[in-house]
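**Student:** the amino acid sequence is not available; the structure is as follows:
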């Protein structure tokens, strides 16, 4: 009997790389899923490809989405600039302009579809609700509600004996980002293969000033570890 | 003050055309949303375009999705044939092979994203849980659960004073298909502009034998009305 299969949402960032390492460590065979959705940081897909190879994923699927045509986010709309002043993180309660409407619902729904087709029931997500950008679709209550909806709206969910086919696994959700890094390093993750910037330059180098760069730098500093990707 | 805005999922079939007519009749300004997702019945998008014009939609957005690369459905996978024997409808409790994994979650999540961007809070869906193909993502309990998840996972949901920004409106969910047709005709819908086939020929003519063609024929017969699209 083969290993259990898991779908892993792999963005190319440090959180999803760590989630993949955790799934791998738990013995799952990995089906890695990434999206080209019109993001400015499309260089992350090259990182995701390398990470999928690093984790010896059984498959790596990169799907196209038209989120750029919906807009409403500085990550997908060329008219909106990614903030570089760190202001978003200081204003709590405010959802930053880098939030992409419905992004995690759309990503996770695709993961559920693929999970059903390949016969996986575990979906690993690198979402984190502690040192994060304040996106509503990273909060535990959202993940729980979406898991319920997906179990009600899929063939596998209906046919499962125990009424709960799909499990959305969020091993990082309660960790500080510095703890995520320590966990990943213990599991052998090479964070030099990841990128965490919302607005890299044409050569794929992180800007150093967006919220995501700031969070990453702070986390490596707290962990007392040099970032192998520089920064 | 302008009219309230509504996003309408418009497939080009008779249910979504009727849902659009109901939204229009309620005074909403329509933002129609369709998807090119690798479906064999892609001719429906031409119908959707004409319907959006007929309803004088403010905008009609046709987004691309990669569901064909996930597969698992006779609607998107060329290796799987659309059943023509009517067997699926006779076997209750069985989800037919034309079911597309996570389709409605993905469609509705895009609609929620667009609603947030244009400032709509109502999303009209032509889902029907009575005379339908038995898809789990048409059931009322799924729609309610997804509405809850989307309100927890979106900026507009978080920021809404009353804790419920987004409303998934399903005016057809408890109607027989013949009642849907009568309702639409009372509202002036020209069903000659719609198509309800899972597997039309190259010229865009309905096959006449798939579940969707059978349901449509039965419904027009029950309504005592000739189908203006033929069949």
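**Tutor:** Nice, I can see it. Owing to the predicted nature of the structure, the values given are computational and were not obtained by experimental measurement.
**Student:** am I right that residue A:35 falls within a strand?
**Tutor:** Yes - when DSSP: H, G, I helix; E, B strand; the rest coil is applied, residue A:35 is found to be in a strand.
**Student:** my guess is it meets residue A:65, correct?
**Tutor:** Yes - look at residue A:35 against residue A:65 with C-beta atoms under 8 Å: they come within range, at 5.4 Å. All C-beta spots, glycine's among them, are computed from the backbone N, C-alpha and C.
**Student:** any idea of the angle the lengthiest helix in chain A forms with helix B:103-118?
**Tutor:** Assignment by DSSP state H gives helix A:103-118 as the longest helix of chain A. Per axes from the mean of the first three to the mean of the last three C-alpha atoms, to 10 degrees, the angle that helix A:103-118 makes with helix B:103-118 is 170 degrees.
**Student:** could you point out which element follows helix A:103-118?
**Tutor:** Downstream of helix A:103-118, the first helix or strand assigned by DSSP states H and E is strand A:122-124.
**Student:** tell me if that next one is near chain B.
**Tutor:** No - figure legend: strand A:122-124 not in contact with chain B (C-beta under 8 Å from any C-beta of the partner chain); closest approach 11.4 Å.
**Student:** so how far is residue B:122 from the closest residue in space to residue A:197 that isn't next to it in sequence?
**Tutor:** In this structure, residue A:197 finds its nearest non-sequential neighbour in residue A:206, 3.5 Å apart by C-beta to C-beta, 6 or more residues apart in numbering or on different chains. Distance, residue A:206 to residue B:122, using C-beta to C-beta, to the nearest Å: 40 Å.
**Student:** surely residue A:6 is within a helix?
**Tutor:** No - according to three-state DSSP, the state of residue A:6 is strand, so it is not within a helix.
**Student:** quick one: contacts for it?
**Tutor:** Each residue near residue A:6 by C-beta atoms under 8 Å, 6 or more residues apart in numbering or on different chains is listed here: A:23, A:28, A:29, A:30, A:31, A:120, A:122, A:123, A:124, A:169.
**Student:** ranking by neighbours, what's the top pick from the residues you listed?
**Tutor:** The most crowded member of the contacts of residue A:6, judged by other C-beta atoms under 10 Å in any protein chain shown, is residue A:124 (31 neighbours).
**Student:** run through the bridge partners of that one.
**Tutor:** Beta-bridge pairing for residue A:124 (DSSP bridges): residue A:8, residue A:169.
**Student:** so it makes contact with residue A:23?
**Tutor:** Yes - in terms of C-beta under 8 Å, residue A:124 counts as a neighbour of residue A:23; the distance is 4.5 Å.
**Student:** what is in contact with the two at once?
**Tutor:** A:6, A:8, A:169.
**Student:** retrieve the pLDDT associated with residue A:135.
**Tutor:** You'll see residue A:135 listed with a pLDDT of 89.
**Student:** what about it, neighbour count?
**Tutor:** Residue A:135 has 22 neighbours, counted by other C-beta under 10 Å.
**Student:** list the contacts for the closest residue to it other than its chain neighbours?
**Tutor:** Spatial nearest neighbour of residue A:135, chain neighbours left out: residue A:99 (5.1 Å); criterion: C-beta to C-beta, 6+ apart. Residue A:99 makes contact with A:73, A:133, A:134, A:135, A:136, B:155 under the criterion C-beta under 8 Å, 6+ apart.
**Student:** the fourth one against residue A:95, yeah?
**Tutor:** Yes - the pair formed by residue A:135 and residue A:95 meets the contact definition of C-beta under 8 Å, at 6.8 Å.
**Student:** circling back: now the residue nearest to residue A:135: which helix or strand?
**Tutor:** For residue A:99, there is no enclosing helix or strand under DSSP H and E.
**Student:** residue A:160: how many residues sit nearby?
**Tutor:** The number of residues packed near residue A:160 is 14, by other C-beta under 10 Å.
**Student:** same question for residue A:104.
**Tutor:** Neighbour count of residue A:104, defined by other C-beta under 10 Å: 23.
**Student:** got the contact list for the residue lying closest to it once chain neighbours are set aside?
**Tutor:** Distances taken as C-beta to C-beta, 6+ apart place residue A:137 nearest to residue A:104, at 3.7 Å, with adjacent residues excluded. Residues near residue A:137 by C-beta under 8 Å, 6+ apart: A:102, A:103, A:104, A:105, A:127, B:153, B:154.
**Student:** now the helices for chain A?
**Tutor:** A:14-25, A:44-54, A:67-70, A:87-90, A:103-118, A:140-153, A:155-159, A:177-186, A:211-223.
**Student:** what residues sit buried inside the first one?
**Tutor:** Looking back up the chat, that one is helix A:14-25. Burial within helix A:14-25, assessed by neighbour count using 16 or more other C-beta atoms under 10 Å in any protein chain shown, is assigned to A:14, A:15, A:16, A:17, A:18, A:19, A:20, A:21, A:22, A:23, A:24.
**Student:** from these, list the ones also adjacent to chain B.
**Tutor:** When contact is defined as C-beta under 8 Å from any C-beta, those do not meet chain B at all.
**Student:** and those, which is closest to residue B:52?
**Tutor:** For the buried residues of helix A:14-25, the residue nearest residue B:52 by C-beta to C-beta is residue A:16; the value is 37.5 Å.
**Student:** quick one, what contacts the closest one?
**Tutor:** So residue A:16 contacts A:8, A:9, A:10, A:48, A:125, A:126 (C-beta under 8 Å, 6+ apart).
**Student:** also residue A:14?
**Tutor:** Contacts of residue A:14 were listed using C-beta under 8 Å, 6+ apart, and they are A:177, A:180, A:181, A:184, A:189, A:191, A:194, A:196, A:216.
**Student:** try residue A:3
**Tutor:** Counting by C-beta under 8 Å, 6+ apart, residue A:3 makes contact with A:27, A:28, A:29.
**Student:** show me which of those neighbour chain B.
**Tutor:** Contacts with chain B within these, counted by C-beta under 8 Å from any C-beta: none were found.
**Student:** possible to save the residues you listed as a markdown table with pLDDT?
**Tutor:** Shown next, in a markdown table, are the contacts of residue A:3 (pLDDT from 0 to 100):
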| residue | pLDDT |
| --- | --- |
| A:27 | 98 |
| A:28 | 98 |
| A:29 | 98 |
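**Student:** tell me which helix or strand of chain A sits lowest on mean pLDDT?
**Tutor:** One helix or strand of chain A scores below all others by mean pLDDT, DSSP states H and E: helix A:87-90, with a mean of 56.
**Student:** quick check: bridge partners of residue A:59?
**Tutor:** With DSSP bridges applied, residue A:59 shows beta-bridge pairing to residue A:31.
**Student:** wait, it touches residue A:32, no?
**Tutor:** Yes - with contact defined as C-beta under 8 Å, residue A:59 counts as touching residue A:32 (7.1 Å).
**Student:** of those two, which one has the most company?
**Tutor:** Between residue A:59 and residue A:32, residue A:32 has the larger neighbour count (other C-beta under 10 Å), namely 25 against 14.
**Student:** who does residue A:63 form a beta bridge with?
**Tutor:** Bridge pairing for residue A:63 (DSSP bridges) gives the partners residue A:35.
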